[in-house]
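Engineer: what's the 3D shape of this:
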Amino acid sequence: MKTKISIVFFFLVLILAGCNTTIDDEKEQTAQTVEDTFKNTEKSAKEKAGNLSFYLPFGAKIEKESPNNIIISEGSDTFILFANTEEDQNSELLYMMAISDEKNIVQNDTFKDDNRLGYYVIKKLPDSEDYELIVGVGGTKLTTQSHLEDLSDNAEMMMEIASSVKHK
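Structural biologist: Numbers count the residues shown, from 1 in each chain. Below is the predicted model of the structure:
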C-alpha cells in the first residue's frame, strides 16, 4: 500500500513541477512567438474603430474607442491598442519610448521585415507578480498587464492585431 501511495505522490510531484513556468522559459517562448507571428502572420483587417481597421481575434471585443486608442477585452484580459498615424510601420519612436525606462525591463527585442519594425518589451510591474507586455509594429502598439504563464499567448494575439492595423 505504501508503495502505491509513493508512486502516486511521485507522479503528482512530477505533474506539478511540469506546470510551473519560469520567467526565463516564458521570455524565450515569447520572443520566438512574437518574431514568428510578425514574420508569418497576415490577418485581414476586418474590424473598424475610429480611423483604424484591424484584425480582431474570436472572443475579443472593443470596449471603448477614441481616435488613437482602442480598448480591447478578451476574457479577463484588457489590451490598449494605440496607433500614431504620423508614424510609419518602420518607425522606432514607440519602441524607443517603451524602453526608455530601463529599470523594470525584463526583456525586449526588435525584428525587421519588408520595411516594417516589429518589437516587444516585457517589464516587471513593481509590487506585483504580473508583467507589462508591449508589442508593436512601427507606430502601432498594444499594451497589457499579463500573468507570467500568459505572456507568450498574449504576445501572439497582440502581434496578430498590431501587424494587421491599417489607417483610413
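
Engineer: touching, residue 54 and residue 60? I think so.
Structural biologist: No: counting by C-beta atoms under 8 Å, residue 54 stays clear of residue 60, with 10.5 Å between them. The way it works is simple: take the backbone N, C-alpha and C, and place the C-beta from them, glycine included.

Engineer: and the two? which has more neighbours close in?
Structural biologist: residue 54 (25 against 17; other C-beta atoms under 10 Å).

Engineer: check contacts around that one.
Structural biologist: 45, 47, 81, 161, 164, 165, 166 (C-beta atoms under 8 Å, 6 or more residues apart in numbering).

Engineer: list the beta-bridge partners for it.
Structural biologist: With DSSP bridges applied, residue 54 shows beta-bridge pairing to residue 47.

Engineer: quick one, grab the pLDDT at it.
Structural biologist: On pLDDT, residue 54 comes in at 92.

Engineer: again, but for the one 10 residues further on
Structural biologist: Reading off the per-residue confidence, residue 64 sits at a pLDDT of 95.

Engineer: how much space between it and residue 71?
Structural biologist: Using C-beta to C-beta, to the nearest Å, one gets 4 Å for the distance from residue 64 to residue 71.

Engineer: and the nearest residue to residue 147 once chain neighbours are set aside, what does it touch?
Structural biologist: For residue 147, ignoring the flanking residues on the chain, the nearest one in space by C-beta to C-beta, 6 or more residues apart in numbering is residue 130 at 5.9 Å. Residues in contact with residue 130 (C-beta under 8 Å, 6+ apart) are 145, 146, 147, 148.
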